[in-house]
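Visitor: Requesting a structural model of the entry that follows:
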Amino acid sequence: LQYYRGGIDATVKFGTREAIGRFRIKSLANELLAFGAFSIMALYYLVFWLARRSDITTLLFSAFCTCFAIRQIVTGEKFIFELFDISSITVLKMDFASIFWAIPILHMFVARLFPDEIVSKTKLHVNISKLALPIIIAIALFTPIFYQSKLIVFHSIYIFTVLLNISWIGVRALINKRECAVIFFAGIVIF
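Guide: Sure thing, here's the model as predicted:
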């Protein structure tokens, strides 16, 4: 037993061969477009960080974009199987790692983007994310997929609290008219 919630992970689609083929092509196109966009952003901000290593914010954003670029090819149509001959367990581990790692990275990015909005309650949440990231990385790399899949419920609760915390920071940044607050909040709403 590898994954305790194994099986079909999406709604079964019925239709003609052509209709299902068109649906798959559209899904692949959307996923590859998102993969390309996240990959370009990740590379751009990585290069930007290499030019100014003192600004860790750009490195965090690059890492966040990398997580979501990976997520685009390991979920949905799972385009990674077209590129590489790898096991489904490896792809599932990449799926879990991409979302498990992205959330604390996003949290640390937002905390660095708006440091003046961090108050005692939000600082505790950010410190929990800083502590959680290496633990989550170790779990993703060194534990069997069965245990990782059991952690999804707890991670979902963590994601919810982090997103609330990020929203609180974003609202405070908007109220205090911080630089980039409007763009950040628009990005969060669109995302």
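Visitor: Going by C-alpha atoms from here, please, whenever you check contacts or count neighbours.
Guide: Noted.
Visitor: Give me the buried positions along the longest helix anywhere in the chain.
Guide: In the chain, with assignment by DSSP state H, the single longest helix is helix 17-51. Neighbour counts over helix 17-51 (16 or more other CA atoms under 10 Å) mark 28, 31-32, 34-35, 38-43, 45-46, 49 as buried.
Visitor: What is the helix or strand that it is followed by packed up against?
Guide: Using DSSP states H and E, the helix or strand that follows helix 17-51 in sequence is helix 56-74. With contacts defined as 3 or more CA pairs under 8 Å, 6 or more residues apart in numbering; DSSP states H and E, the packing partners of helix 56-74 are helix 17-51, helix 88-113.
Visitor: Dump those into JSON lines; add distance to Ile73 and mean pLDDT as well.
Guide: Putting these into JSON lines (distance: least, CA to CA, whole Å; pLDDT from 0 to 100) gives the following:
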{"stretch": "helix 17-51", "distance to Ile73": "7", "mean pLDDT": "93"}
{"stretch": "helix 88-113", "distance to Ile73": "9", "mean pLDDT": "87"}
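Visitor: okay, the ones you listed in JSON lines with distance to Lys130 next?
Guide: As requested, the helices and strands packed on helix 56-74 are exported to JSON lines (distance: least, CA to CA, whole Å):
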{"stretch": "helix 17-51", "distance to Lys130": "20"}
{"stretch": "helix 88-113", "distance to Lys130": "7"}
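Visitor: for the nearest residue to Ala97 once chain neighbours are set aside, helix, strand, or coil?
Guide: Leaving aside its chain neighbours, Ala97 sits nearest to Ala140 (5.7 Å; criterion: CA to CA, 6 or more residues apart in numbering). For Ala140, the secondary structure call by DSSP: H, G, I helix; E, B strand; the rest coil comes out as helix.
Visitor: buried residues in the helix or strand harbouring Lys130?
Guide: Assigned by DSSP H and E, Lys130 belongs to helix 120-142. The neighbour-count check on helix 120-142 (16+ other CA under 10 Å) flags 122, 125-126, 129, 132-133, 136, 139-140 as buried.
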